[in-house]
Structures are given as structure tokens and as C-alpha cells.
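Participant: here is my input; please provide its structure:
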Amino acid sequence: MGEPVGASAHGGMMPYINLKLVGKLSKDQKEKIAKEFSDTLLKVAGKPKESLYLIIDEVNGENWAKGDNFFG
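Facilitator: The predicted structure follows:
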């Protein structure tokens, strides 16, 4: 049986980031965001870049509101 999600080969937990935003990002923007998150986790927490799970949820503005005001 494989390792549980979030477990690394070294026995530590792997970082999981779920970024939610209204609208769409380009592939280039997503790659830059992934690099920045990975670089920061390596620098600050000593987590190898390969250990990061990053999910980017692009939400249509008509499905996201602040109070009773929708973004789209």
C-alpha cells in the first residue's frame, strides 16, 4: 500500500496550498505563483519544492460573493 496523501518519504508532512481566486490566470501566471510558493516554503520552512501540493481554484465571479455582493 502507498503512502498516505501528505506524507513524504522522510516521514514529514508535505505542504498543501489551495489558492482560490475570482477570475482566470494564464499558464504563465500559474507557473510564477507555483515557483514563488515553492521558493518561499524552501527558504522559510526548509520544505523541498517537490513536496508542495498546489491547487489553484479559479472561481467565476457569479459564484463568489462578499456579503450580498457578487463579484460577477
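Participant: quick check, Met14 in contact with Tyr53.
Facilitator: Yes: if you go by C-beta atoms under 8 Å, Met14 and Tyr53 touch, sitting 6.4 Å apart. No exception for glycine: its C-beta is placed from N, CA and C like everyone else's.
Participant: between these two, which one's more packed in?
Facilitator: Ranked by neighbour count (other C-beta atoms under 10 Å), Met14 and Tyr53 place Met14 first, with 18 against 11.
Participant: quick one: contacts for Val59?
Facilitator: Neighbouring residues of Val59 by C-beta atoms under 8 Å, 6 or more residues apart in numbering: Lys20, Leu21, Val22, Gly23.
Participant: among the residues you listed, which one lies nearest to Gly61?
Facilitator: Taking C-beta to C-beta as the measure, Gly61 lies nearest Val22 of the contacts of Val59, at 4.9 Å.
Participant: ok, that closest one to Glu50 distance?
Facilitator: Using C-beta to C-beta, to the nearest Å, Val22 is found at 30 Å from Glu50.
Participant: of the two, who's got more company?
Facilitator: The neighbour count for Val22 versus Glu50, taken as other C-beta under 10 Å, is higher for Val22 (16 against 8).
Participant: look at that one and report its pLDDT.
Facilitator: The score at Val22 is 97. That number is its pLDDT.
Participant: now it: phi and psi?
Facilitator: phi -90, psi 130 (degrees, to the nearest 10).
Participant: partners of it in the sheet?
Facilitator: Beta-bridge partners of Val22, counted by DSSP bridges, are Val59.
Participant: hang on, it packs against Asp57?
Facilitator: No: between Val22 and Asp57 there is no contact under C-beta under 8 Å: 10.1 Å.
Participant: check the contact lists of those two and give me the overlap.
Facilitator: Here Val22 and Asp57 have no joint contacts, going by C-beta under 8 Å, 6+ apart.
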